[in-house]
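>>> Have a look at this fold, sequence not included:
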């Protein structure tokens, strides 16, 4: 079955700098890659997703890139702000799989 | 709309006790999921359902049972709780035909002593 590896497990950046979180997946048939953000004590919420027919997607300060050949995808956050501090999860899924496989999570801390 | 709700929010059990966690959604979603979240382990799928009356095993189903008697509800049962089941449990739902965004409930923090 699908396996998703996420790195790093913790990331600390200065406010205003950029943050990058990377995930690799094992199943070449995977075609949907969402990113969820979980603030402390809260539920995970979708922040951006990408399907395999595109290589990059942007939404204001966040972007996701996908390299299907290498089977990895990344979350990029620019101009980081204190409210970006949270745990971020990547996930992967295939059409018809009806479920997501999540990475282990990255705890992002933005230092003022 | 309340979205996805979970009952209870917190629970402490003794080893061997049983309990049922209730998940309810008012978005008319076909798919529902139960996950557990442990430090450093991400979100691991326990069981899921793609429609009323159907259930399927996820990644870590042992020690848990589920039922989906009504479309809007998904129940997770622990028949004989063990300390290894101490975790935060999240329910989620999504529309059918995806994969699409999953909407999560607020979570249940369960401690088994």
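Looks like it came in fine. Note that the coordinates shown come from a computational prediction; the quantities given were computed from them, not determined experimentally. Numbers count the residues shown, from 1 in each chain, chains lettered A, B, ... in the order given.
>>> Give me every residue in chain A that's in contact range of chain B.
Within chain A, the positions lying close to chain B (C-beta under 8 Å from any C-beta of the partner chain) are A:6, A:9, A:32, A:34, A:42-46, A:49, A:89, A:93-95, A:97-105. Heads up, the C-betas are built off the backbone N, CA and C, glycines and all.
>>> where's residue B:41 relative to residue A:100, distance?
The gap separating residue B:41 from residue A:100 is 15 Å, by C-beta to C-beta, to the nearest Å.
>>> How about residue A:6?
Distance of residue A:6 to residue A:100, computed by C-beta to C-beta: 13 Å.
>>> Those two: which has the busier surroundings?
For residue A:6 and residue A:100, the more surrounded residue by other C-beta atoms under 10 Å in any protein chain shown is residue A:100, and the numbers stand at 26 against 20.
>>> Contacts only, for that one.
Residue A:100 sits next to A:34, A:91-93, B:45, B:99, B:102 when contact means C-beta atoms under 8 Å, 6 or more residues apart in numbering or on different chains.
>>> which of the residues of chain A next to chain B count as buried?
Those of the residues of chain A next to chain B that meet the buried threshold are A:6, A:32, A:34, A:43-44, A:49, A:89, A:93-94, A:97-105, by 16 or more other C-beta atoms under 10 Å in any protein chain shown.
>>> Which parts of chain B are strands?
Along chain B, counting by DSSP state E, strands occupy B:4-7, B:10-13, B:19-25, B:31-38, B:42-49, B:56-57, B:65-67, B:73-78, B:87-94, B:103-104, B:108-112.
>>> okay, the ones you listed in a markdown table with distance to residue A:22 next?
Output for the strands of chain B, formatted as a markdown table (distance: least, C-beta to C-beta, whole Å):
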| stretch | distance to residue A:22 |
| --- | --- |
| strand B:4-7 | 29 |
| strand B:10-13 | 35 |
| strand B:19-25 | 32 |
| strand B:31-38 | 21 |
| strand B:42-49 | 15 |
| strand B:56-57 | 30 |
| strand B:65-67 | 33 |
| strand B:73-78 | 32 |
| strand B:87-94 | 24 |
| strand B:103-104 | 23 |
| strand B:108-112 | 30 |
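>>> Now stretch A:26-41: average pLDDT?
Averaged over stretch A:26-41, pLDDT sits at 95.
>>> and what of stretch B:28-36?
97.
>>> hmm, who's touching that stretch?
Contact with stretch B:28-36 is made by A:98-99, A:102, B:21, B:23, B:25, B:43-51, B:58, B:60, B:64, B:66, B:68, B:71-72, B:74, B:76, B:85, B:87-96, B:98, B:102-103, as judged by C-beta under 8 Å, 6+ apart.
>>> Many thanks, we can stop here.
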